[in-house]
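Participant: 3D model of this:
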Amino acid sequence: MLAIVYVHVFAHNSINFQATRFYVFSFVITATSKLFNVTSDVYKFTSLHVIDNTGQAIATGPGPGLPAPFRAAATYFRIELRLVPRLCSLRTDIGINPTKFPPSSNRAVYVPVPRVQNQMDVSITRQMIMDQAHHKEIIAAMAALGEEFSMRAATRDGEPDNEAYEKWSKQQIAKTQFQALEQALTATYVGLQQGMETPNQQLAKLNMIRYKGGTMMYDSVATLFGRIATILNGLNHENPPPTNLSDLAGVAFQAFTQEIKDVVAEHLETGAAGPLLMDYPSNLSRMHRLRERAEKEKKRIKQIVGIANSTGQIRPNRSYIPGQSAPPRPGGRVFVLFHQPEFQGFRGCQGFQDDRSFQAPEIKTVEPSTPQ
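Facilitator: Numbering: from 1, shown residues only. Next up, the predicted model:
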């Protein structure tokens, strides 16, 4: 069942979880283990009646015990069962919070009474039937008799059926495990200690110069900021950005090539030493202003490069025959522009190129959380 749940969550989150899947599975199974134990507190017996073979409740009589006719007619325990997934175990170490599990669900179930010599066994007492606090003691009493506490649900024709209960139970468990696994995947994606990185660690690794298959590659300005957006969009309202999130403008600046740093350095807003104490929207705004400046510089540099290329073309030489044709005029003027910092190397121009195949994702706005 959990494997099926995993396939759906994997497709939904698009996360490569190959390395840590068994680690997450173990925590999900542990966090939802109460769902497989009817004696646990996630299962509530809100009411219990003993019914005969016609489905009618049998009167227990004045007491103190249970009369012989009652025991002879007893066929099923009819229990109003309430399943409360939110009482499952809290696992903050893997980001599983059961308060976000599905709400409680109710179902009427039927359990065959243990019968010995054509009557309900004497180990089932009046207190077990009449007192809600003692209802679950029936489970232990039946186990002592070697009887299974087998719950059944009514079918359309009104007959108690074990498969009908199993179908309902598996649906409730699957929905809960889906939520647990989704929480665990999301928490691990934004970075817990087991093999994944925090947002700050992911941001620190960004660089416009990358290597793929031994080949040096250059990100454009748009691609770099798109990679930042991808990391930030791994955060959401359930896993908000940490309050110690890195200075995003500073992260982008450090990822620039040196040529781009030279032309935007004077526009980088300075802050206090160490992690900036600013809220998430202010942090984003500061980064966006740096991006706008980098984009403006990109356009300016591309214009200069275009002028240099168009005016610096060498015209083809034509043969000159004295007395028959005019001397050839010199080639076009060459502008000496490459002393400027942004033209000290080809890398700077590469970083300012457009990546038309890349569309940067929009960064979502979420609220900060405690530091990770």
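
Participant: Show me what the strand or helix carrying residue 226 is packed up against.
Facilitator: If you go by DSSP states H and E, residue 226 is part of helix 221-232. Judged by 3 or more Cβ pairs under 8 Å, 6 or more residues apart in numbering; DSSP states H and E, the packing partners of helix 221-232 are helix 199-204, helix 248-255, helix 280-311. Quick note: C-beta positions are derived from backbone N, CA and C, even for glycine.

Participant: gap between that helix and the chain center?
Facilitator: 19 Å (Cα atoms, centre = their mean, to the nearest Å).

Participant: Pull out the buried positions in it.
Facilitator: Residues 221, 222, 223, 224, 225, 226, 227, 228, 229, 231, 232 are the ones in helix 221-232 that count as buried (16 or more other Cβ atoms under 10 Å).

Participant: now the angle from it to helix 248-255?
Facilitator: 130 degrees (axes from the mean of the first three to the mean of the last three Cα atoms, to 10 degrees).

Participant: quick one, helix 221-232 and helix 280-311 angle?
Facilitator: Between helix 221-232 and helix 280-311, the angle comes out at 160 degrees (the same axes, to 10 degrees).

Participant: then helix 221-232 to PDB, C-alphas only?
Facilitator: The C-alpha coordinates for helix 221-232 follow below in PDB (Å, rounded to 0.1, in the frame of the first residue of the first chain):
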ATOM      1  CA  VAL A 221      21.600  36.200 -15.700                       C
ATOM      2  CA  ALA A 222      18.000  35.000 -16.200                       C
ATOM      3  CA  THR A 223      19.000  31.400 -15.800                       C
ATOM      4  CA  LEU A 224      20.900  32.100 -12.500                       C
ATOM      5  CA  PHE A 225      17.900  33.900 -11.000                       C
ATOM      6  CA  GLY A 226      15.700  31.100 -12.200                       C
ATOM      7  CA  ARG A 227      17.800  28.600 -10.300                       C
ATOM      8  CA  ILE A 228      17.400  30.800  -7.200                       C
ATOM      9  CA  ALA A 229      13.600  30.900  -7.800                       C
ATOM     10  CA  THR A 230      13.500  27.100  -8.100                       C
ATOM     11  CA  ILE A 231      15.200  26.700  -4.600                       C
ATOM     12  CA  LEU A 232      12.900  29.300  -3.000                       C
END
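
Participant: follow-up on the earlier one: what's the most buried one of the helices and strands packed on helix 221-232?
Facilitator: helix 248-255 (a mean of 21; mean count of other Cβ atoms under 10 Å).

Participant: Please name every helix or strand in contact with that one.
Facilitator: Checked by 3+ Cβ pairs under 8 Å, 6+ apart, helix 248-255 has helix 199-204, helix 221-232, helix 280-311 packed alongside it.

Participant: what do you get if the cut-off is 7 Å, keeping everything else the same?
Facilitator: Helix 248-255 is packed against helix 221-232, helix 280-311, with contacts defined by 3 or more Cβ pairs under 7 Å, 6 or more residues apart in numbering; DSSP states H and E.

Participant: Which one, of those helices, ends up nearest to residue 161?
Facilitator: Of all the helices and strands packed on helix 248-255, it is helix 221-232 that lies closest to residue 161, at 49.7 Å by Cβ to Cβ.

Participant: mean confidence score for the closest one?
Facilitator: Looking at helix 221-232 alone, the average pLDDT works out to 88.

Participant: again with stretch 109-118
Facilitator: Throughout stretch 109-118, pLDDT has a mean value of 94.

Participant: right, and residue 268 touches residue 290 too?
Facilitator: Yes - look at residue 268 against residue 290 with Cβ atoms under 7 Å: they come within range, at 6.4 Å.

Participant: what touches both of the two?
Facilitator: 249, 253 (Cβ atoms under 7 Å, 6 or more residues apart in numbering).

Participant: export the buried residues of helix 221-232 to TSV and tack on distance to residue 214?
Facilitator: Below are those laid out as TSV (distance: Cβ to Cβ, whole Å):
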residue	distance to residue 214
221	25
222	25
223	20
224	21
225	26
226	24
227	21
228	26
229	28
231	25
232	30
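
Participant: Nearest to residue 46, out of these: which one, please.
Facilitator: residue 232 (45.7 Å).

Participant: Run a quick neighbour tally on residue 34.
Facilitator: For residue 34, the neighbour count with other Cβ atoms under 10 Å is 20.

Participant: residues near the nearest residue in space to it that is not next to it in sequence, how many?
Facilitator: Counting by Cβ to Cβ, 6 or more residues apart in numbering, residue 34 lies nearest to residue 40, which is 3.9 Å off, once chain neighbours are set aside. Residue neighbour count, defined by other Cβ under 10 Å, stands at 15 for residue 40.

Participant: Confirm that residue 40 sits in a helix.
Facilitator: No - counting by DSSP: H, G, I helix; E, B strand; the rest coil, residue 40 is not found in a helix; it is coil.

Participant: Which residue is the nearest non-sequential neighbour of residue 75?
Facilitator: Closest residue to residue 75 apart from its sequence neighbours, by Cβ to Cβ, 6+ apart: residue 53 at 4.6 Å.

Participant: burial of the one you found, as a residue count?
Facilitator: 9.

Participant: ok, now residue 35?
Facilitator: By the measure other Cβ under 10 Å, the count of residues near residue 35 is 23.

Participant: Equivalent analysis for residue 262, please.
Facilitator: 16.

Participant: Could you number the chain from 31 rather than 1 from now on?
Facilitator: Understood, numbering begins at 31; the last thing we discussed is residue 292.

Participant: in a helix, that's where it is, yeah?
Facilitator: Yes - the assignment for residue 292 (three-state DSSP) places it in a helix.

Participant: ok now stretch 242-259, how far from the chain's centre?
Facilitator: Using Cα atoms, centre = their mean, the offset of stretch 242-259 from its chain centre is 25 Å.

Participant: ignore the last one, stretch 182-193
Facilitator: 38 Å.

Participant: Next: stretch 109-129.
Facilitator: Here stretch 109-129 is found 18 Å from its chain centre; the criterion is Cα atoms, centre = their mean.
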